[in-house]
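J.: how would this look folded up:
(chains A and B)
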Number of protein chains: 2
Amino acid sequence: MEPIVFYDIPADAFQDRMWSPNTWKTRYVLNIKGLPYTTVWVEFPDIAAVSRKIGALPTQEGPDGSPIYTLPAIYDPNTKSAISESAAIARYLEKTYPNFKPTLIPPETDALHAAFEAVFWKTLWPDLRQIMLPPTNALLNPRSAEYFRRTREAMDGEKLEDWTPAGSEKRERHWRGVERALDTFAEWLGTYGNREKLFFTGVDISYADITVASFLIWIERVLGKDSKEWQDVLRWNNGRWARFMDAFRKYEAVDVGVDAEV
Amino acid sequence: MEPIVFYDIPADAFQDRMWSPNTWKTRYVLNIKGLPYTTVWVEFPDIAAVSRKIGALPTQEGPDGSPIYTLPAIYDPNTKSAISESAAIARYLEKTYPNFKPTLIPPETDALHAAFEAVFWKTLWPDLRQIMLPPTNALLNPRSAEYFRRTREAMDGEKLEDWTPAGSEKRERHWRGVERALDTFAEWLGTYGNREKLFFTGVDISYADITVASFLIWIERVLGKDSKEWQDVLRWNNGRWARFMDAFRKYEAVDVGVDAEV
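T.: Predicted coordinates for the structure are as follows:
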């Protein structure tokens, strides 16, 4: 088969340019399944044009009803299909390439996986975004950083630097919210009495786990392995998340790829 | 085996006394698995005393930290165990009686089932309670009705009759919220492209389906089969919920049981 084209957002502050939690989901899926692919790096202001060029659909609507295009997106030259949105991409790859194992969304868990995605955002995102968007902005390449700041500050009406300054009570409060969210995931994982169960569907990684791992690696990379926050994560829930992330280490390869031509 | 003792709340307005969505979950589980059981009917003001007597744990905390006891609860004379909270009861029965099929929480869906329970409440409950608690109150037996009104009005600071009066804009708005919640469940069920898929884990009823069915039968019974609202539910999502509830009809048997001695 021809390699799938995977559209991702670069941050040259990282040696492998990889930072986005949403695109990590797709990269983990591709790496875990061993699907051949090649990365095209797209700066934020170019995402709409690139998406339209390949025929990927917008994934959101602005307050005025205007289409919003986001990454990840893929173009599959084997089927001449473009797909956007990480869960839709995962489902497309499962259906189109069933022989590439493991199955990450077992059919009997598909509807429950959809419910999980919904509750995942409600549980973790409101607090985590307050902590993570400001330092993420500081690491983006200049054209993306300007775009990211403008759009995110428009949502919240406050300068990124004022969201959760170091040492602020707000920062403490949102970080406790992140801890509660991970406690909640750990509680769901341990419901059946097996407190050591690492993965949502049991012994193998599934797409729900990939979703969690993609947001954890974002914390690890943007705040840094030595940060107080990452050390908290490794300690919480009796070291569960350290063991959990260890299982993902072999799937973190990032190809060099090419920059998008716009 | 000796019959499991199932503690439920009666409403004599119904011939079989059955109305509570939370206890329907346990009754469906018992009926679907064909486990032998007998019902003990407990009025609201007696739930705490009965729970303490059998050794069932409180399931919630009041604002002052005081324990709140709820039904369903079961007492299993075969293991001398008391269990409260519908999902905990379902998991207890699965573990203790694995030979009683079907398996309603397949192990590979257990953590995702826990996530589903969390998002189910967030999605359906806030709007549905506004519509359903006032007419439910009107159908309870007098001692329970007084207790139910007092505790529910204390939560909301408004007389039950003013929550969502017939024809009010508030009622319309909350009912649209219920419709959106069912749309969301239908969307999750159809994620993999099979728009006809009725049950969360595929071809068989699972505990997630039982959760949804228990709240739908509450609407059907309390508002009535001929109500505008129930007719809406049957029509929504191309009749999906009518077909869905048809699958539960054979599991609606209610034994006569006995009244709790307090």
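
J.: what about the nearest residue to A:Ala213 once chain neighbours are set aside, distance to chain B?
T.: In space, and not counting its chain neighbours, A:Ala213 is closest to A:Phe248: 4.8 Å by CB to CB, 6 or more residues apart in numbering or on different chains. The way it works is simple: take the backbone N, C-alpha and C, and place the C-beta from them, glycine included. Counting by CB to the nearest CB, to the nearest Å, the gap from A:Phe248 to chain B is 17 Å.

J.: tally up the residues packed near A:Phe248, please.
T.: A:Phe248 has 20 neighbours, counted by other CB atoms under 10 Å in any protein chain shown.

J.: what sits against it?
T.: A:Tyr28, A:Ile205, A:Ala213, A:Ile217 (CB atoms under 8 Å, 6 or more residues apart in numbering or on different chains).

J.: ok, the closest residue to A:Gly55 other than its chain neighbours - contacts?
T.: Nearest residue to A:Gly55, sequence neighbours excluded (CB to CB, 6+ apart): A:Ala82, at 4.3 Å. A:Ala82 makes contact with A:Ser51, A:Ile54, A:Gly55, A:Ala56, A:Leu57, A:Ala73, A:Ile74, A:Tyr75, A:Asp76, according to CB under 8 Å, 6+ apart.

J.: repeat that for A:Ile210.
T.: A:Lys25, A:Tyr28, A:Val29, A:Ile32, A:Ala90, A:Leu104.

J.: checking my notes, the third one in a strand, right?
T.: No - counting by DSSP: H, G, I helix; E, B strand; the rest coil, A:Val29 is located in no strand; its state is helix.

J.: now the contacts of A:Ala82 in JSON lines, with secondary structure?
T.: As requested, those are exported to JSON lines (three-state DSSP):
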{"residue": "A:Ser51", "secondary structure": "helix"}
{"residue": "A:Ile54", "secondary structure": "helix"}
{"residue": "A:Gly55", "secondary structure": "coil"}
{"residue": "A:Ala56", "secondary structure": "coil"}
{"residue": "A:Leu57", "secondary structure": "coil"}
{"residue": "A:Ala73", "secondary structure": "strand"}
{"residue": "A:Ile74", "secondary structure": "strand"}
{"residue": "A:Tyr75", "secondary structure": "strand"}
{"residue": "A:Asp76", "secondary structure": "strand"}
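
J.: just the buried ones from these?
T.: A:Ser51, A:Ile54, A:Ala56, A:Ala73, A:Ile74, A:Tyr75, A:Asp76 (16 or more other CB atoms under 10 Å in any protein chain shown).

J.: circling back: and the residue nearest to A:Gly55, what are its bridge partners?
T.: A:Tyr75 (DSSP bridges).

J.: residues in contact with stretch A:219-235?
T.: A:14, A:18-19, A:128, A:131-132, A:135-136, A:139, A:175, A:179, A:182, A:216, A:241-242, A:245.

J.: tell me the buried residues in it?
T.: Under 16+ other CB under 10 Å, the buried positions of stretch A:219-235 are A:Ile219, A:Glu220, A:Arg221, A:Val222, A:Leu223, A:Glu229, A:Trp230, A:Val233, A:Leu234.

J.: quick check: mean pLDDT across it?
T.: In this model, stretch A:219-235 has an average pLDDT of 98.

J.: what about the nearest residue to A:Glu2 once chain neighbours are set aside, how many residues nearby?
T.: Nearest residue to A:Glu2 in three dimensions, chain neighbours excluded: A:Pro77, at 4.5 Å (CB to CB, 6+ apart). Applying other CB under 10 Å, we find 11 residues neighbouring A:Pro77.

J.: what bridges to A:Ile4?
T.: Residues in beta-bridge contact with A:Ile4 (DSSP bridges): A:Tyr37.

J.: now do the helices in chain A.
T.: Ranges of helices within chain A are A:21-33, A:47-54, A:86-96, A:110-139, A:142-156, A:169-189, A:207-223, A:228-246, based on DSSP state H.

J.: dump those helices into CSV; add distance to B:Asp64 as well.
T.: As requested, the helices of chain A are arranged in CSV below (distance: least, CB to CB, whole Å):
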stretch, distance to B:Asp64
helix A:21-33, 40
helix A:47-54, 51
helix A:86-96, 42
helix A:110-139, 27
helix A:142-156, 35
helix A:169-189, 22
helix A:207-223, 35
helix A:228-246, 29
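
J.: domain parsing for chain A?
T.: A:4-104, A:107-249 (automatic domain parsing).

J.: format these as a markdown table; extra columns: distance to B:Asp259.
T.: A markdown table is the format used below for the domains of chain A (distance: least, CB to CB, whole Å):
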| stretch | distance to B:Asp259 |
| --- | --- |
| domain A:4-104 | 50 |
| domain A:107-249 | 34 |
